[in-house]
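# turn this into a model:
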Amino acid sequence: MSLYSILFLVSFLLLLFILYLTIKSYIDIHYAMVWIIWSILLIIISVFPSMVDWLTHLLKIQYPSNTIFLVFIFLSYCLSLYLYLIITKHNKQIQNLNYEVAALKKKIEELEKEKEND
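Residues are numbered from 1 along each chain as shown. Sure, this is the predicted structure:
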């Protein structure tokens, strides 16, 4: 079995696993899309290895393995940025929820004081 066949098999299994997790609602579709795109990219590279050679020549890189590392390091940075954006969004939502909870606690305390005074 060639290296490209193994890459294809592993990539396809990864795609099936991510789809399974998405169908079973273990992972949200928005987050699964990143992994689905990643696995499809791996499948494309395993089916068309000449694309790596073409990209190596285009970028004037000496070895195709260096091109693959460069592409996946770039994609890792993109994934990291995407995750930081999600974390920032969730932190803002948590902060807003904390404000709402504090306001509701204050309102409950005020209503309890009014009830005691009556």
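
# which elements pack onto the helix or strand of the chain with the lowest mean pLDDT?
Within the chain, judged by mean pLDDT, DSSP states H and E, the helix or strand with the poorest mean is helix 29-47; its value is a mean of 88. Contacts defined by 3 or more Cβ pairs under 8 Å, 6 or more residues apart in numbering; DSSP states H and E place helix 29-47 against helix 3-23, helix 50-59, helix 64-117. All C-beta atoms are positioned from the backbone trio N, CA, C, and that covers glycine.

# so which of these is nearest Val34?
Ranking the helices and strands packed on helix 29-47 by their distance to Val34 (criterion: Cβ to Cβ) puts helix 64-117 first, at 6.1 Å.

# the helices and strands packed on helix 29-47: which one's closest to Ile37?
Taking Cβ to Cβ as the criterion, helix 64-117 is the member of the helices and strands packed on helix 29-47 that comes nearest to Ile37, at 9.0 Å.

# by how many degrees do the closest one and helix 29-47 diverge?
Interaxial angle, helix 64-117 versus helix 29-47 (axes from the mean of the first three to the mean of the last three Cα atoms, to 10 degrees): 170 degrees.
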